[in-house]
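Student: Mind looking at a prediction? Sequence and model below.
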Amino acid sequence: TLLAGLIFLGLSYLSHLLLPASTFANPDAAALDVLAGAGGQFPAAFFAAAYIAGSPGSAPASQASVSRIIYSMGRDGVLPPKLFGRLHPRLGTPVVPILFTSAVALLALVMDLATVSSLISFGALVAFSVVNLAVIKHYFIDRKGRGPAAVLNSLAVPGTGFALTVWLWTSLAGDALVFGLAWAALGLAYLAALTRGFRRPTPQLQLDEA
């Protein structure tokens, strides 16, 4: 994480030296402006071509991984097993999860990039927040970790991480917050129905394979 942060800061600093501007005609294509300022149109065109060529390779990998997770959720009863937890008898692939993921991915045709990016950021920040809270719950509360080292590692550090992710939430677009919170509320309602009002254990997702 530290190395990635240093690389990000270094590239940002070099980009500012090459093109010291704070506003761009199209912020989503700011990297192309920087490359054009560094070496003309050829680096910008090469970068755009490489980005376009990489997208068809990246998208199927993402779709395959998401479909596999949805299949695992269906197989273990987190999602309806008859719909999402079956493999095709001949192909051995989770056809319904693949089609479902494809249908959701097609929303990119009608949604703008800023909203999609904000929705992805919302999901990532939710995951980061829950991980930090889980560390506090598991190590500091359940295991009753005490002492300076436990307070630092099991309370102060994850507490700071949670506070920073909450602060990052304020930079998200309003639509992303509305859609994300509505999706979270829908998931909570589904969980309540699945556990009969939280009176039954939550189905556990088993990611290990026999």
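Tutor: Sure thing, it's come through. Numbers count the residues shown, from 1 in each chain.
Student: need the helices for the protein, in chain order.
Tutor: In the chain, the helices defined using DSSP state H lie at 2-18, 30-39, 41-75, 81-84, 95-105, 113-135, 148-151, 157-169, 174-194.
Student: buried residues in stretch 58-69?
Tutor: Using 16 or more other C-beta atoms under 10 Å as the test for burial, stretch 58-69 gives Gln63, Val66, Ser67, Arg68. C-beta coordinates here come from the backbone N, C-alpha and C atoms, glycine included.
Student: Give me the contacts around that stretch.
Tutor: Contact with stretch 58-69 is made by Pro94, Pro97, Ile98, Phe100, Thr101, Ser102, Ala105, as judged by C-beta atoms under 8 Å, 6 or more residues apart in numbering.
Student: Pull out the buried members of those residues.
Tutor: Pro94, Pro97, Ile98, Phe100, Thr101.
Student: So for the second one, what pLDDT did the model give?
Tutor: Per-residue pLDDT puts Pro97 at 93.
Student: Ok, Gly37 next?
Tutor: 75.
Student: Tell me which residue is most central in this structure.
Tutor: Nearest to the mean C-alpha position of the chain, counting by C-alpha atoms, centre = their mean, stands Ala124 at 3.8 Å.
Student: Export the buried ones among the contacts of stretch 58-69 as CSV, with columns for distance to Ser72.
Tutor: Formatted as CSV, the buried ones among the contacts of stretch 58-69 follow (distance: C-beta to C-beta, whole Å):
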residue, distance to Ser72
Pro94, 9
Pro97, 9
Ile98, 13
Phe100, 14
Thr101, 13
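Student: name the helices or strands packed onto the lowest-mean-pLDDT helix or strand in the chain?
Tutor: Using mean pLDDT, DSSP states H and E, the weakest-scoring helix or strand in the chain turns out to be helix 30-39, at a mean of 78. When contacts are defined as 3 or more C-beta pairs under 8 Å, 6 or more residues apart in numbering; DSSP states H and E, helix 30-39 packs onto helix 2-18, helix 41-75.
Student: buried residues in that helix?
Tutor: So, applying 16+ other C-beta under 10 Å, buried residues of helix 30-39: Ala31, Leu32, Asp33, Val34, Leu35, Ala36.
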